[in-house]
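Colleague: No sequence on hand, only this structure:
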């Protein structure tokens, strides 16, 4: 039993070190981009040693990829949580609000939160190898949106609805990367949502699909 407890404590300590390295890497990536981060800066910020990076991740690049992947996973989890309560009677406006809400929160927070979303959006354009494990969460988010879309747009086939969902997601990523994202940070979440939801709902209806 004592040996098992020691093993558990070592496992917990290892997980704390791993989490601390990911957090430090993501913070520095958000500030400087992938070309401006060094291994020493990450380990100093995390209070870890270089050997810990090799042990948990194998390389600086693998650590950075893992940190960004983890941030994207948290974003998808937040989006799924917002979409889950919706049903066939929900409106496109309600769908758009739920779909956009995690990004709205990041835009309203500005600073580090927005910088992290910019990093995730930028890398998400050309995801690193190994991100396939998130396909299930992308699919789940899409399925949640399709439940509402098929009820509101019965004359539109599923592939077209999937395309519109991807357009809506791309629009949100663009907001994180474009200068307008910084401008929106001066507004409250309620103000951002009031302006953004009709645009996202338009993408779902097909009003802006040509421009995506």
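Modeller: The structure has been received and is ready for your questions. As the structure is a prediction and not an experimental result, all values here were calculated from the model. Residues are numbered from 1 along each chain as shown.

Colleague: Going by neighbour count, list what's buried in the host helix or strand of residue 143.
Modeller: According to DSSP states H and E, residue 143 maps onto helix 135-152. Buried residues in helix 135-152, counted by 16 or more other C-beta atoms under 10 Å: 137-138, 140-142, 144-149, 151-152. Placement of C-beta: from N, CA and C, glycine included.

Colleague: Remind me what the longest helix seen in the chain packs against, helices and strands.
Modeller: Longest helix of the chain, by residue count under DSSP state H: helix 2-32. Under the contact criterion of 3 or more C-beta pairs under 8 Å, 6 or more residues apart in numbering; DSSP states H and E, helix 2-32 touches helix 39-46, helix 50-56, helix 60-83, helix 111-124.

Colleague: That one - what's its average pLDDT?
Modeller: Across helix 2-32, pLDDT averages out at 76.

Colleague: cool, and stretch 111-119?
Modeller: The pLDDT scores in stretch 111-119 average 84.

Colleague: One more: stretch 182-200?
Modeller: For stretch 182-200, mean pLDDT is 91.

Colleague: hmm, who's touching stretch 96-116?
Modeller: 26-27, 30-31, 71, 75, 78-79, 82-83, 85-86, 117, 145, 168-169, 172, 175-176, 181-182, 184-189, 192-193, 196-198, 200-201, 203-204 (C-beta atoms under 8 Å, 6 or more residues apart in numbering).

Colleague: Please read the previous query as pertaining to stretch 69-77.
Modeller: With contact meaning C-beta under 8 Å, 6+ apart, stretch 69-77 is reached by 22, 26, 102-103, 116-117, 119-120, 124, 128, 130-131, 134, 137-138, 140-141.

Colleague: among these, which ones are buried?
Modeller: Here, 16+ other C-beta under 10 Å leaves 22, 26, 102-103, 116-117, 119-120, 124, 131, 137-138, 140-141 buried among the contacts of stretch 69-77.

Colleague: Closest to residue 43 out of those?
Modeller: Closest to residue 43 out of the buried ones among the contacts of stretch 69-77 is residue 22 (12.3 Å), distances taken as C-beta to C-beta.

Colleague: could you dump the helices and strands packed on helix 2-32 to JSON lines with distance to residue 18?
Modeller: Shown next, in JSON lines, are those (distance: least, C-beta to C-beta, whole Å):
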{"stretch": "helix 39-46", "distance to residue 18": "10"}
{"stretch": "helix 50-56", "distance to residue 18": "5"}
{"stretch": "helix 60-83", "distance to residue 18": "9"}
{"stretch": "helix 111-124", "distance to residue 18": "18"}
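
Colleague: Residue 17: which of those is closest?
Modeller: In terms of C-beta to C-beta, the element of the helices and strands packed on helix 2-32 nearest to residue 17 is helix 50-56, at 5.3 Å.

Colleague: pretty sure residue 203 is touching residue 166, no?
Modeller: No: under the criterion of C-beta atoms under 8 Å, residue 203 makes no contact with residue 166, lying 9.4 Å away.

Colleague: between these two, who's got more neighbours?
Modeller: residue 203 (25 against 14; other C-beta atoms under 10 Å).
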